[in-house]
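what follows is a predicted structure for the sequence shown.
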Amino acid sequence: MEHFSTDRLSAERLNESHLADLVALHLDAEVSRYLGGVRSADVTKAYLDVNMAHWDQHGFGLWALRTKDGAFAGRAGLRHILLDDVDEVEIAYAFKRGAWGLGFASEIATAMTEIGLSHLKLPSLIGLVFAENAASRRVLEKSDYLLERSMVRQGHDAVIYRIRR
């Protein structure tokens, strides 16, 4: 599923042509504060390479998101993550500040959950969120993810949400 669309967003499999948009997204300190911090262009290039390889290995991954008028809105996807030595599939999303507060995160979370559980037939998906990221927690809760537990991840208080098929 390299492309899909929602009511207001189109999604395209992440590729080299998205690098400049990702660099701009990752250089925004407000956007990156819950993503582990600002990432340089070189770090974002390595991130893009890892995520393109994830597609090749697993047949799914991250998508670049555009509004219906073609403007870059952010990135979102499903990806494997090792959590306490368990291979999980995480739902992930990040939007540029101009796209905040418009309901795009809820819209894409619903679509990715459907893709993960119904199309890919994954048994469950997790959302890994910094504990203080109230907006992202609300998105997961509105998408019927249940709070599973708290943890410390990379020195930050985090929470795990899960939804099952």
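Looks like it came in fine. Residues are numbered from 1 along each chain as shown.

what's the next secondary structure element after the helix or strand bottoming out on mean pLDDT in the chain?
Of all helical and strand segments in the chain, the minimum by mean pLDDT, DSSP states H and E falls on helix 29-32, at a mean of 85. Downstream of helix 29-32, the next assigned helix or strand under DSSP states H and E is helix 41-58.

residues in contact with that following helix?
13-16, 18-19, 22-23, 26-27, 39, 60-62, 77, 79-80 (Cβ atoms under 8 Å, 6 or more residues apart in numbering). Where C-beta positions appear, they are placed from N, C-alpha and C, glycine not excepted.

buried ones in that helix?
Neighbour-count burial for helix 41-58, counted by 16 or more other Cβ atoms under 10 Å, picks out Thr44, Tyr47, Leu48, Asn51, Met52, His54, Trp55.

which one of the residues you listed is nearest to Glu107?
Closest to Glu107 out of these is Asn51 (21.2 Å), distances taken as Cβ to Cβ.

look up how far Leu78 lies from the closest one.
Noted for Asn51: a distance of 11 Å to Leu78, by Cβ to Cβ, to the nearest Å.

check contacts around Leu147.
Counted by Cβ under 8 Å, 6+ apart, Leu147 has contacts Glu141, Val159, Ile160, Tyr161.

out of those, which sit inside helices?
Among those, the residues falling in helices (DSSP state H) are Glu141.
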